[in-house]
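K.L.:
build me a model from this:
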Amino acid sequence: MAVPRRNSPRPEDRRPLGGGVGWARAESGPDGDWLVRNISGAQAQKTYRCPGCDHEIRPGVPHVVAWPAEETGSVEERRHWHQGCWDSRGRRRPTTRRW
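P.N.:
Okay, here's the model as predicted:
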């Protein structure tokens, strides 16, 4: 007799999306502690301006959203970054554009 396949994970197998704090992961760098969430191309439905390069992040482009860890509930502190700009933020200065 064949055992039926189980498609859903057990409750103990479930992990927060992105790993870390809830649906975001915690990252530390020389610029402080951050909460970061990956946004897939399918999830990206609006145009944002990356603070690292001052270029647009168009709908459909995967990117990251980051905000200071101490501001966990503040939507105003969230910024959308290109993945490469986020990864290289320690080697370059943010743009001088005002939010």
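K.L.:
now the strands for this structure?
P.N.:
25-29, 32-39, 48-49, 56-57, 63-68, 79-81 (DSSP state E).
K.L.:
let's have these in JSON lines, adding distance to Gly90.
P.N.:
All C-beta spots, glycine's among them, are computed from the backbone N, C-alpha and C. Formatted as JSON lines, those follow (distance: least, C-beta to C-beta, whole Å):
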{"stretch": "strand 25-29", "distance to Gly90": "6"}
{"stretch": "strand 32-39", "distance to Gly90": "11"}
{"stretch": "strand 48-49", "distance to Gly90": "20"}
{"stretch": "strand 56-57", "distance to Gly90": "20"}
{"stretch": "strand 63-68", "distance to Gly90": "13"}
{"stretch": "strand 79-81", "distance to Gly90": "13"}
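K.L.:
now render those as TSV, adding mean pLDDT, mean neighbour count and distance to Arg91.
P.N.:
Listed next are the strands of the chain as TSV, based on pLDDT from 0 to 100; neighbours: other C-beta atoms under 10 Å; distance: least, C-beta to C-beta, whole Å:
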stretch	mean pLDDT	mean neighbour count	distance to Arg91
strand 25-29	92	13	11
strand 32-39	94	17	16
strand 48-49	97	18	20
strand 56-57	98	18	20
strand 63-68	95	20	16
strand 79-81	96	22	14
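K.L.:
out of the ones you listed, which gets nearest to Ser88?
P.N.:
Among those, the nearest to Ser88 by C-beta to C-beta is strand 79-81 (10.0 Å).
K.L.:
no further queries at this time; thank you.
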